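In: sequence-free structure coming up:
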């Protein structure tokens, strides 16, 4: 989708006059082919029917990020680590590590949007080790 200023609408009283906005010839353009997945919210699948995995998913929503490990998730699911990892990936389509990364990114996105915290503070809150994470899309995330 591309946004542009069309002078044909400049005299239309129902469309706002953007002359003051465009005085410096600044245009907002969203080039075609740009991936929108970077802007999508993470909506994890919860209707997969695997009760231990669902229990872990709900636990992850409330657990402080610094306490999350694969071992803790497996204990929460009451499964062995390998069994938990296999069932988690089958139920959610993501490995536990990828899933937690998506949760962190979603939480960071919410904090960036709705608080006045600095990037460094947000990085600390969501347990992202480097603020460089926010400067470019993560190649590891794919939706």
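Out: Arrived safely. These numbers were taken from a predicted model, which means no experiment stands behind them.
In: got the end-to-end distance for stretch 104-123?
Out: Distance across stretch 104-123, first residue to last, is 9 Å (CA to CA, to the nearest Å).
In: ok, stretch 64-79 next?
Out: Counting by CA to CA, you get 21 Å between the two ends of stretch 64-79.
In: report the buried residues of that stretch.
Out: 65, 68, 73-74, 76-77, 79 (16 or more other CB atoms under 10 Å). Heads up, the C-betas are built off the backbone N, CA and C, glycines and all.
In: immediately after the longest helix belonging to the chain, which helix or strand?
Out: Ordering each helix of the chain by length in residues (DSSP state H) puts helix 96-114 first. Later in the chain than helix 96-114, the nearest helix or strand by DSSP states H and E is helix 119-125.
In: coming back round to it: mind picking the lowest-pLDDT entry from the buried residues of stretch 64-79?
Out: Comparing pLDDT over the buried residues of stretch 64-79, residue 65 scores lowest. The value there is 78.
In: skipping adjacent residues, who's closest to that one in space?
Out: residue 127 (3.6 Å; CB to CB, 6 or more residues apart in numbering).
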